[in-house]
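Asks: All I have is the shape, not the residue letters:
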């Protein structure tokens, strides 16, 4: 269960569909994040599903358990394949999220928890969040909490994927942004690596945005990413 997820970090429907129309042979697994979802709402999710794409709905819910439960119940009706929340919202919130996400027939999308954003450095975590432990220990603690709450995996840096599997088991998914080609710019990411290295480190899914969406030939960039990651 490995795949490349393309981050559709676009401002609206037309730009998104214009980008996806370039893919004539593939139907990439795509990520719909806050920018696109807030611009277009549930309709963009339904349209992309109708086009045959798997969808990771990346809204990173973080609120009191009852609010998250109700929100997840709404999201479960969109037939997405994966969605997420912040592990920092506590195990009670995560358990409530699963309750809300689970449909009457017992099915539900994959639910994963954000540990620490790949833009967060050790310094920022200590100074801004007042978390003094080493960042990899914090990530592992959040991962264990998510697993005990019944989630399917976590969002983490590729650099932490292997240790997450050691801590939580091989079947506990690692979804890893912060992936760039070797010659690419890091942008606002801090804990990053290449698709090939992410595979070696144990990532199950890599989330790739600008290296594909901003490429001169996005289809070629996507194919290169798939080749490097899947081997």
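Replies: Structure's in. What do you need? All values derive from a computational prediction rather than experimental measurement.
Asks: can we go C-alpha only for contacts and neighbour counts from here?
Replies: Will do.
Asks: what ranges do the strands span in the protein?
Replies: 3-7, 29-32, 55-61, 82-86, 110-114, 153-155, 173-176, 205-208 (DSSP state E).
Asks: for the last one, packing partners?
Replies: Contacting strand 205-208 under the criterion 3 or more Cα pairs under 8 Å, 6 or more residues apart in numbering; DSSP states H and E are the following elements: strand 3-7, strand 173-176.
Asks: Pull up the pairing partners for it, direction included.
Replies: strand 3-7 (parallel), strand 173-176 (parallel) (DSSP bridges).
Asks: Next, count neighbours for residue 88.
Replies: Residue 88 has 17 neighbours, counted by other Cα atoms under 10 Å.
Asks: how much space between it and residue 170?
Replies: Residue 88 sits 23 Å away from residue 170, going by Cα to Cα, to the nearest Å.
Asks: and what of residue 111?
Replies: Counting by Cα to Cα, the gap from residue 111 to residue 170 is 16 Å.
Asks: So between the two, which is more surrounded?
Replies: A side-by-side neighbour count of residue 111 and residue 170, using other Cα under 10 Å, places residue 111 first with 24 against 13.
Asks: Could you pull up the residues touching the more buried one?
Replies: 82-85, 98, 151-153 (Cα atoms under 8 Å, 6 or more residues apart in numbering).
Asks: Serialize the residues you listed to a markdown table and add fields for distance to residue 56 and pLDDT.
Replies: As requested, the contacts of residue 111 are exported to a markdown table (distance: Cα to Cα, whole Å; pLDDT from 0 to 100):
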| residue | distance to residue 56 | pLDDT |
| --- | --- | --- |
| 82 | 5 | 98 |
| 83 | 6 | 98 |
| 84 | 8 | 98 |
| 85 | 12 | 98 |
| 98 | 16 | 98 |
| 151 | 15 | 98 |
| 152 | 13 | 98 |
| 153 | 13 | 98 |
